[in-house]
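3D model of this:
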Amino acid sequence: WEAVMKQSGLFGLSDHLKRLSANGDPLEQLVGIVDFEGFRPILDNALAYSDGAKGGRPPYDCVAMFKILILAAQNNVADVRMEYLIRDRLSWLRFLGFDLGAPTPDANTIRLFRERLTEAGAITVLFDAFDHRLRTNGYLAMGGQIVDATLVAAPKQRNTQEEKDAIKAGKTAEEVWPDKPAKAAQKDVDARWTVKFSKARPAVNGRPQIDIAIPSFGYKNHVAICRGFGFIRKSVVTHGARHDGSQLREVVTTNNTASDVWADTAYRSKSNEAWLKANSRVSRIHRKKPKGKPMSERTRKANSVKSKVRVFVEHVFAQQKSHMGLFIRTIGIKRAEAKITLANLAYNMKRLIFHERRAAAG
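Predicted coordinates:
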């Protein structure tokens, strides 16, 4: 390999990068559409690095480090794996602005950078800043909003019933395992178990099939997307057992050009309907089946019409889970919120590329 590099030299490397561009390097498209330099003031303010007067190795450029977090979110790559891939992939080196053979951030540097942004609450600020930039560039929140939530899985915890009861009572990991600090450091006491029901299959030989209850562990990503462009406009992260309907007021925005709000039956309640009306929002939330009675044909048809709009939010979750592989490896809701918010931001960036390319083609 060294002999090949000596023979090819810089011209060979340049030609190789040109071929990557000719084949449509998605990262080159990303950096061409998203102004990452615009995030620098927020990053500088959150990180508050010293001026270097006391010496020491200067930190890596904050915009390059932020790009690393976006890459990790798009590909769900752990920090250790990220360290290797940055050095291994020429397209990633070019996107991040690192020279071939020059020092690149290791796993610990990446982790500490994300921790620093998390502690400063800067990741939500970065998400909001990008949304503001979308609206400034003409991507207004329009057409109404679609609200839903999805479970983001985390490593399952193996605890005794006594330990589970202590966690539910609100005790910290240090309080649950006082004599085992190493074990406590690896326990997530913020995530929760919940039961997810899958829809029943069609009847077989006249026998109706019952719904299947699937236990899941992790956190919930509650979002509101705009119907017009499909961007995530607002998000809230909770533990996995939090009821979807309780977060309606947290994610519904007031800056949408249309007042309609679509959601499934989990969000329908008297208090939510009253809140929407008081805030000049029009409820397009699915109606529930009357208890002990069959659903009327009129209600069924109305729900079917609403479903044709509401289904678009499922595309967002499918993109995050199937293509981005969203999964929580960190411990605690604060870090989970940072990870999920970064995934939401990365999704919006990919969505922007889709709209920009379609506009250029049209």
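
residues in contact with Asn303?
By C-beta atoms under 8 Å, 6 or more residues apart in numbering, the contact set of Asn303 is His286, Arg287. Every C-beta, even on glycine, is put in place using the N, C-alpha and C of the backbone.

Secondary structure element holding it?
In this assignment (DSSP states H and E), Asn303 forms part of helix 297-310.

Format the CA atom coordinates belonging to that helix as CSV.
The C-alpha trace of helix 297-310 is given here as CSV (Å, rounded to 0.1, in the frame of the first residue of the first chain):
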residue,chain,number,x,y,z
GLU,A,297,-69.2,4.1,9.3
ARG,A,298,-69.0,7.9,9.3
THR,A,299,-66.2,7.8,11.9
ARG,A,300,-64.4,5.1,10.2
LYS,A,301,-64.4,7.0,6.9
ALA,A,302,-63.3,10.2,8.6
ASN,A,303,-60.4,8.4,10.3
SER,A,304,-59.4,6.8,7.0
VAL,A,305,-59.2,10.3,5.4
LYS,A,306,-57.1,11.5,8.3
SER,A,307,-54.8,8.5,8.1
LYS,A,308,-53.8,9.5,4.5
VAL,A,309,-52.2,12.6,6.0
ARG,A,310,-51.0,11.3,9.3
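
Buried residues in that helix, which are they?
For helix 297-310, burial by neighbour count (16 or more other C-beta atoms under 10 Å) applies to Asn303, Lys306, Arg310.

Pipe the residues you listed into CSV and attach distance to Ala107 and pLDDT per row.
Formatted as CSV, the buried residues of helix 297-310 follow (distance: C-beta to C-beta, whole Å; pLDDT from 0 to 100):
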residue, distance to Ala107, pLDDT
Asn303, 48, 95
Lys306, 46, 96
Arg310, 40, 96
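
Go through those residues and say which is closest to Ala153.
Distances from Ala153 to the buried residues of helix 297-310, taken as C-beta to C-beta, are shortest for Arg310 (23.1 Å).

Now that closest one: closest residue in space that isn't a chain neighbour?
Leaving out its chain neighbours, the residue that sits closest to Arg310 by C-beta to C-beta, 6 or more residues apart in numbering is Trp262, at 4.5 Å.

can I assume that neighbour sits in a strand?
Yes: assessed by DSSP: H, G, I helix; E, B strand; the rest coil, Trp262 belongs to a strand.

Average the pLDDT values over stretch 68-80 and round to the nearest integer.
What stretch 68-80 shows for mean pLDDT is 95.
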